[in-house]
Structures are given as structure tokens and as C-alpha cells.
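Novice: this one's sequence-less:
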């Protein structure tokens, strides 16, 4: 948060785990690794919910910390976009269809406080849309086969 606030960097990435998710959550009283609860041990929704709730609380901590940094009449969160998501929509099948993402902040004119649904579009469309919010004119992100262009109705 301080690196962003002090303009040491304009972009930060926080990746909690790799795709194998072989770490445990002893503080949640979960002895097996994350991937076990998602797939290896059969899908365990109660345990997955506890893990996802913990991840969400960590993102809330980040968002609150950014909202508490005064940038001279507005907050760091006001000039930022925080993207929170996963690589899977459905852990047992590894499906990527209908993945939920959370965006926070008002950077680039992002309008928050609402639920927006886009049917059958790639998350690459969302990623190029975030670039566009900050003035990057690109029309695709990643493999153009999986990006039809920026989404409407974000700003």
C-alpha cells in the first residue's frame, strides 16, 4: 500500500498461491491442502468456503488500508482499481465459465457499488477494460482468440 501511495510503483500483484494450491490453512483448522478440498479429496464446499472467506478478508484488509491513505482530498483507493478473482469458476471440474470477479476502487472512473454480469465473455475482456480505464488504448489482452475487446459499462 505504501509503495502505491508513495508512487514507487503504479501496479502491484498479489498472487496467493500457484495453481496446485498445495499449502495448508492451520489457522482455519484445515489440515489438508487447498487443492485437496477443491479436487483431490472430492469437492468439499464447507472447507472451500472457509478458505475463500479468509482470502476475501485479506482483500478487505488491503482495500481498507488503501481507503485510509489520504492523497489530498481523496484516497489511494479512489485512484486505484483492485482486481480480485480466481482461475476457476467451479473447482471440481476446473471450469472457467461464469467466474466471479470483484473490482474495488474508482481509478480511471470505475463505477463501483453494483453487480455487473457479462454472459460468455473471457476474463481477458475485463483485463483489457481495466487497461483502458487508465488510458491504455489496447483492444485485446493476451491471446486475441480469447479477447473480443473491452467491456462496456465499467466507467
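Specialist: Looks like it came in fine. Note that the structure is a prediction, hence the values are computed from the model and not measured. Numbers count the residues shown, from 1 in each chain.
Novice: buried stuff in the helix ranked longest in the chain?
Specialist: Ordering each helix of the chain by length in residues (DSSP state H) puts helix 45-67 first. Using 16 or more other Cβ atoms under 10 Å as the test for burial, helix 45-67 gives 47-48, 51, 59, 62-63, 66. C-beta coordinates here come from the backbone N, C-alpha and C atoms, glycine included.
Novice: pLDDT on the helix or strand following that helix, on average?
Specialist: Note on helix 45-67: by DSSP states H and E, the next helix or strand toward the C-terminus is strand 82-84. The predicted model gives strand 82-84 an average pLDDT of 94.
Novice: Can you name the next helix or strand after strand 82-84?
Specialist: strand 102-104.
Novice: average pLDDT across that following strand?
Specialist: 95.
Novice: ok, and what's touching the lowest-mean-pLDDT helix or strand in the chain?
Specialist: In the chain, no helix or strand scores lower on mean pLDDT, DSSP states H and E than helix 34-35, which sits at a mean of 90. Helix 34-35 is contacted from outside by 17, 20-25, 51, using Cβ atoms under 8 Å, 6 or more residues apart in numbering.
Novice: what does stretch 77-93 give?
Specialist: Residues contacting stretch 77-93 (Cβ under 8 Å, 6+ apart): 4, 19, 38-39, 42-43, 48, 56, 59, 62-63, 66-67, 69, 71, 94-108, 110, 123, 126, 130, 133-134.
Novice: And for stretch 49-69?
Specialist: 1, 4-5, 14, 16, 25, 28, 30, 34, 37, 75-77, 80, 82, 84, 102, 104-105.
Novice: quick one on the thing from earlier: mind listing which of the contacts of helix 34-35 are in strands?
Specialist: 24-25 (DSSP state E).
Novice: Are any of the contacts of helix 34-35 buried, and if so which?
Specialist: Buried among the contacts of helix 34-35 by 16+ other Cβ under 10 Å: 21, 25, 51.
Novice: Narrow the contacts of stretch 49-69 to just the buried residues.
Specialist: By 16+ other Cβ under 10 Å, the contacts of stretch 49-69 give 1, 4-5, 25, 30, 34, 37, 75-77, 80, 82, 84, 104-105 as buried.
Novice: Is the most centrally placed residue in the chain bridged to anything, and to what?
Specialist: Residue closest to the average C-alpha location in the chain (Cα atoms, centre = their mean): residue 84, at 1.4 Å. For residue 84, the beta-bridge partners under DSSP bridges are residue 102.
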